[in-house]
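A.B. asks: okay, predicted coordinates and the sequence, questions at the end:
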Amino acid sequence: MENYIKDLSYVIQNGSMTNTYKMVWIRAIVETCVENPNLKLIHLDQLSEKIFGYYWDQAIFFDLKQGASIKQNPVIYQLVLKQINKYRKAYGNQPKFYYKVSSKVEVPLKEIGYELRKYVSDLFPKVGNKKYNIYDLDKPNRTVAPYRPDLLNQYSDILFPMISFRLTQKLEEFNDSPRIAKKVKGVEKREIRRQSLGKFKEYLDLENPDRICFFTGQKLDAKNTSIDHIIPWSYLFSDDLWNLVYVNRGFNSSKSNKIPDQQTIDKLKKRNERLYNLLKTRGAKQKETNELKIAIENDLVGKFWVGCR
């Protein structure tokens, strides 16, 4: 392997990190070189928009914390969250990848660039007291010149998984959230698809044949019936019978990803016990019966509720 790639690999794997800035920074550089390996200079605005897009996708689908501070996210991430809130007010809560809505979003390039120059660009190539020759910086002109953009392109299939692994490690430190590796992979590959929940109807109907809304207590007609997650899907990134109930479609839309209260969680636990007892009569070896039994015995509702809070 080329010495340049060896050095970069060492920096990626061993550089100190208090947030995820460094990994999204180098990912943006490598991706730019893949798109144009003959590019001599990369303007900071190019990197800033890519980094904005990375954070947008992670935030709008999963709201993952990007730094060690419990009270405050890193500044760039705060800027992204601000734009997401503006987007939601204008276009609704349905999550969309940045590349699909970029024309509707205002990217604060100068503010992001300022953070990158001050806290990332000089620090990334350093491990301990040694600085590795990864790129040249021209801060006055706001450009980055990788020493070997051709090698960044050539070895991108090695560098991208390495960057993702280090990013995942840090996100697991910052977030008490399940399936982070799967979430990162889904965002990077732009493969986050919500599955149809219709297959759960036969089980929900067993305990709730009249299809009474879990929240309002009202009987639902076909037009207003929806299946929803009690603990937000964005936290679990999974569809599980123990977390699904019938709700009014309009109420579901207004609820969005709000964290349920204790009363709701207690009600869900009791529902699961009733549903499990009914499912047992249909065959204890059935997959859904066993999954529900495991969820009850391990108090997954309570544990995941505490985690998402």
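C.D. replies: All right, it came through fine.

A.B. asks: alpha carbons only for contacts and neighbour counts from here, please
C.D. replies: Noted.

A.B. asks: show me where the stretch 151-300 of the chain has helices.
C.D. replies: Here the stretch 151-300 of the chain has its helices, by DSSP state H, counting those that start in this stretch, at 156-174, 180-189, 201-207, 233-236, 249-255, 262-280, 287-297, 300-308.

A.B. asks: any idea which of those helices has the lowest pLDDT on average?
C.D. replies: Mean pLDDT is lowest for helix 249-255 out of the helices of the stretch 151-300 of the chain, coming in at a mean of 65.

A.B. asks: residue 14 is in contact with residue 127, isn't it?
C.D. replies: Yes. Under the criterion of C-alpha atoms under 8 Å, residue 14 makes contact with residue 127 at 6.6 Å.

A.B. asks: more neighbours: the two, which one.
C.D. replies: Applying other C-alpha atoms under 10 Å to residue 14 and residue 127 shows that residue 127 carries more neighbours, namely 16 against 13.

A.B. asks: distance of the residue nearest to the more buried one when sequence neighbours are not counted from residue 115?
C.D. replies: Of all residues not flanking residue 127 in the chain, residue 15 sits nearest, at 5.0 Å (C-alpha to C-alpha, 6 or more residues apart in numbering). For residue 15, the distance to residue 115 equals 18 Å [C-alpha to C-alpha, to the nearest Å].

A.B. asks: count the neighbours of residue 226 for me.
C.D. replies: Look at residue 226: counted by other C-alpha under 10 Å, it has 21 neighbours.

A.B. asks: give the contact list for it.
C.D. replies: 246-249, 252 (C-alpha atoms under 8 Å, 6 or more residues apart in numbering).

A.B. asks: of these, which is the most crowded?
C.D. replies: residue 247 (26 neighbours).

A.B. asks: circling back to that earlier point, who touches both of residue 14 and residue 127?
C.D. replies: With C-alpha under 8 Å, 6+ apart as the test, residue 14 and residue 127 reach no residue in common.

A.B. asks: ok, the nearest residue to residue 205 once chain neighbours are set aside - contacts?
C.D. replies: For residue 205, ignoring the flanking residues on the chain, the nearest one in space by C-alpha to C-alpha, 6+ apart is residue 211 at 6.9 Å. By C-alpha under 8 Å, 6+ apart, the residues touching residue 211 are 205, 219-220, 225, 246.

A.B. asks: ok, now residue 145?
C.D. replies: Residue 145 makes contact with 40-42, 135-137, according to C-alpha under 8 Å, 6+ apart.

A.B. asks: dump those to a markdown table, plus pLDDT.
C.D. replies: Below are the contacts of residue 145 laid out as a markdown table (pLDDT from 0 to 100):
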| residue | pLDDT |
| --- | --- |
| 40 | 88 |
| 41 | 95 |
| 42 | 97 |
| 135 | 97 |
| 136 | 96 |
| 137 | 95 |
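
A.B. asks: about what we covered before: the residue nearest to residue 127: neighbour count?
C.D. replies: Neighbour number of residue 15 under other C-alpha under 10 Å is 17.

A.B. asks: can you check the one 4 residues further on too?
C.D. replies: For residue 19, the count of nearby residues is 19 (other C-alpha under 10 Å).

A.B. asks: just checking, what packs against the helix or strand residue 31 falls within?
C.D. replies: Assessed by DSSP states H and E, residue 31 sits inside helix 21-35. With contacts defined as 3 or more C-alpha pairs under 8 Å, 6 or more residues apart in numbering; DSSP states H and E, the packing partners of helix 21-35 are helix 44-62, helix 149-154, helix 156-174.

A.B. asks: quick one: the last one to chain centroid distance?
C.D. replies: Translated: helix 156-174. 13 Å (C-alpha atoms, centre = their mean, to the nearest Å).

A.B. asks: do the same with the second one
C.D. replies: For helix 149-154, the separation from the chain centroid amounts to 28 Å (computed by C-alpha atoms, centre = their mean).

A.B. asks: just to revisit the earlier point, ok, the residue nearest to residue 127 - contacts?
C.D. replies: Counting by C-alpha under 8 Å, 6+ apart, the residues that residue 15 touches are 124-128.

A.B. asks: how about stretch 118-134: buried residues?
C.D. replies: Within stretch 118-134, the residues that count as buried by 16 or more other C-alpha atoms under 10 Å are 120-121, 123-127, 134.

A.B. asks: now do stretch 172-190
C.D. replies: Buried-residue list, stretch 172-190, by 16+ other C-alpha under 10 Å: 172, 174-178, 180-181, 183-187.

A.B. asks: which of these sits closest to residue 95?
C.D. replies: Comparing those against residue 95 with C-alpha to C-alpha places residue 187 closest, at 11.8 Å.

A.B. asks: could you pick out the buried ones from the contacts of residue 211?
C.D. replies: Counted by 16+ other C-alpha under 10 Å, the contacts of residue 211 give 220, 225, 246 as buried.
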